[in-house]
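Engineer: Coordinates for the following, if possible.
(one chain, ligands or ions: 1)
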Amino acid sequence: MMQKLYNTEVSSRLLLGSARYPSPAILAEAVKRSETEIVTVSLRRETAGGHSGGAFFELIRALGVRVLPNTAGCHGVSEAVLTAQMARELFGTSWIKLEVIGNHDTLQPDVFGLVEAARILSSEGFQVFPYTTDDLVVAERLLEAGCRVLMPWCAPIGSAAGPLNLSALRSMRAHFPDIPLIVDAGIGRPSHAATVMELGFDAVLLNTAVASAGDPVAMAGAFAKAIEAGRQAFSAGLLEPRDVAVPSTPVIGKAVFA
Ligand SMILES: CC(=O)[C@@H](O)[C@H](O)COP(=O)(O)O
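Structural biologist: Got it, this is the predicted structure:
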């Protein structure tokens, strides 16, 4: 089933990061195996040192997916805004995954800077995908700032810890039933992805768990299946857990032994 992110319809519910793969060829294979339609690219990391930015961006373009540029590594509002403006020029898209990092150790978002940057970018016509926490008040502010998609973390970036606060994610889903919610960051295993999809999240964005897996291509396939399974389970209507036993086989009368 299709989902709408701003005005774009997409059918895959997996958004994939493009960093840390053992090689560009493995990245390309992982993207294909995942069947993702959206790949996020860090403008700042790819243009700084190590990588040959131009060749990397060509590779991404050749994959035929939609690019979601991101402001990973930006620690201030003006840096994030400038990076987003450069990304729009480079990729010809008004989509931006907005990261304003507030803490070196946890890589948690600076939610105050995030809201400010989101407001500026939305007023400039950007369609902002904010990397945020699971805080409901911050989420409200981001919507007021013009965001029409929210991307809460479930654990620190790269931690692979999986959903640390399921009840916060659950209340986020309940509070914003009509806003596309994408869990971004901290997913470590396909079962983590399936769990958040079972809560009714619209999609998952992940990078480290695939890129740093023993076999990134196979792991991309495993995540694609788990996300699809989680979504199907949510749509099919999951049972609520109960404290008491409910016999799965009803017994009518008594067995008669001759
Ligand atoms: C690539 C990217 O955008 C990451 O910053 C993102 O938040 C994914 O996090 P994980 O690497 O924990 O999946």
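Engineer: Check the contact between A117 and A80; I expect there is one.
Structural biologist: Yes - counting by C-beta atoms under 8 Å, A117 does reach A80; the two are 4.7 Å apart. Backbone N, C-alpha and C define where each C-beta goes, glycine included.
Engineer: Quick check: neighbours shared by the two?
Structural biologist: L98, V100 (C-beta atoms under 8 Å, 6 or more residues apart in numbering).
Engineer: phi, psi of the residue in the chain that the ligand sits nearest to?
Structural biologist: Closest approach of the chain to the ligand (C-beta to the nearest ligand atom) occurs at G17, with a separation of 2.8 Å. Per-residue torsions, G17: phi -80, psi 160 (degrees, to the nearest 10).
Engineer: Please give the element, helix or strand, for Q232.
Structural biologist: Assigned by DSSP states H and E, Q232 belongs to helix 216-236.
Engineer: List the buried residues of that helix.
Structural biologist: Using 16 or more other C-beta atoms under 10 Å as the test for burial, helix 216-236 gives 216-217, 219-224, 226-231, 234.
Engineer: restrict these to those near the ligand?
Structural biologist: When C-beta under 6 Å from any ligand atom is applied, no member of these is adjacent to the ligand.
Engineer: Output the contacting helices and strands for the helix holding Q232.
Structural biologist: strand 14-17, helix 24-34, helix 190-198, strand 203-206, helix 208-211 (3 or more C-beta pairs under 8 Å, 6 or more residues apart in numbering; DSSP states H and E).
Engineer: pLDDT score for G253?
Structural biologist: At G253, the pLDDT value in this model is 74.
Engineer: wait, G221 sits on V31?
Structural biologist: No - counting by C-beta under 8 Å, G221 does not reach V31; the two are 11.4 Å apart.
Engineer: Contact partners for the spatially most central residue of the chain?
Structural biologist: Nearest to the mean C-alpha position of the chain, counting by C-alpha atoms, centre = their mean, stands L205 at 2.2 Å. Residues counted as contacts of L205 (C-beta under 8 Å, 6+ apart) are L14, L15, L16, G17, T40, K97, M151, I182, V183, D184, A185.
Engineer: again, 6 Å this time
Structural biologist: Applying C-beta atoms under 6 Å, 6 or more residues apart in numbering to L205 gives the contacts L15, I182, D184.
Engineer: gap between it and M151?
Structural biologist: Distance of L205 to M151, given as C-beta to C-beta, to the nearest Å: 6 Å.
Engineer: Find residues that contact each of the two.
Structural biologist: What both L205 and M151 touch, as defined by C-beta under 6 Å, 6+ apart, is the set I182, D184.
Engineer: in which helix or strand would I find S122?
Structural biologist: helix 111-123.
Engineer: Equivalent analysis for V183, please.
Structural biologist: Using DSSP H and E, V183 falls in strand 182-184.
Engineer: Which residue is the nearest non-sequential neighbour of the residue of the chain closest to the ligand?
Structural biologist: For G17, ignoring the flanking residues on the chain, the nearest one in space by C-beta to C-beta, 6 or more residues apart in numbering is N207 at 2.6 Å.
Engineer: Report how many residues lie close to the one you found.
Structural biologist: 23 (other C-beta atoms under 10 Å).
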